[in-house]
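J.: give me a model of this one.
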Amino acid sequence: MRRREFVMAASALALLPEARATDEAMRAAIRAWAGREPEAGVLKIDIAELVENGNAVPVRVAASEPVTGLALFTPLNPEPEVVHVTLAAGNPRPEFSTRMRLARSQRIVAVAKAADGRCWQAGVDVIVTLAACVEP
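T.: Next comes the predicted model:
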């Protein structure tokens, strides 16, 4: 790569907005996905409350009522939306498991929505001792 190309690429990269999630950005993303403000209830989040390494944190989300969608959100990762899962309406075990990266200690929020428009949320505070992403 030539010096001129490098300078042009670095200048273009510097003009990009910094991806930073906030509590308000997370709440807006939840409202956009769920279509309304969720209530507390029907969700269980299985995640370690003390995580040694934030690079691949296992998490399981399960609902105790039939739902058509489940999602995970974080307020301090670069993007607030972690994952959205669409489920069949008659699913007898509405749940999913995944691994996620955590930038730092924060509250993980799971949201569920039902076919009739109702939605619920639950949250867990997670302490991360070794961050997965570069902290500001």
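
J.: longest strand in the protein, please.
T.: strand 119-128 (DSSP state E).

J.: and it, how far out from the chain middle?
T.: In terms of Cα atoms, centre = their mean, to the nearest Å, the centre of strand 119-128 is set 10 Å apart from its chain centre.

J.: ok, now stretch 64-73?
T.: Distance, centroid of stretch 64-73 to centroid of chain: 13 Å (Cα atoms, centre = their mean).

J.: quick one: buried residues of it?
T.: Of all the residues in stretch 64-73, those buried under the rule 16 or more other Cβ atoms under 10 Å are 66-73. (Each C-beta comes from the backbone N, C-alpha and C, glycine too.)

J.: alpha carbons only: can I get that stretch in PDB?
T.: Presented in PDB, the C-alpha positions along stretch 64-73 are these (Å, rounded to 0.1, in the frame of the first residue of the first chain):
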ATOM      1  CA  SER A  64     -42.300 -19.600  30.400                       C
ATOM      2  CA  GLU A  65     -45.100 -18.600  28.000                       C
ATOM      3  CA  PRO A  66     -45.400 -19.000  24.200                       C
ATOM      4  CA  VAL A  67     -43.600 -16.300  22.400                       C
ATOM      5  CA  THR A  68     -42.800 -15.600  18.800                       C
ATOM      6  CA  GLY A  69     -39.500 -13.800  19.400                       C
ATOM      7  CA  LEU A  70     -36.600 -13.500  21.800                       C
ATOM      8  CA  ALA A  71     -33.800 -11.000  21.800                       C
ATOM      9  CA  LEU A  72     -30.700  -9.900  23.700                       C
ATOM     10  CA  PHE A  73     -29.500  -6.300  24.300                       C
END
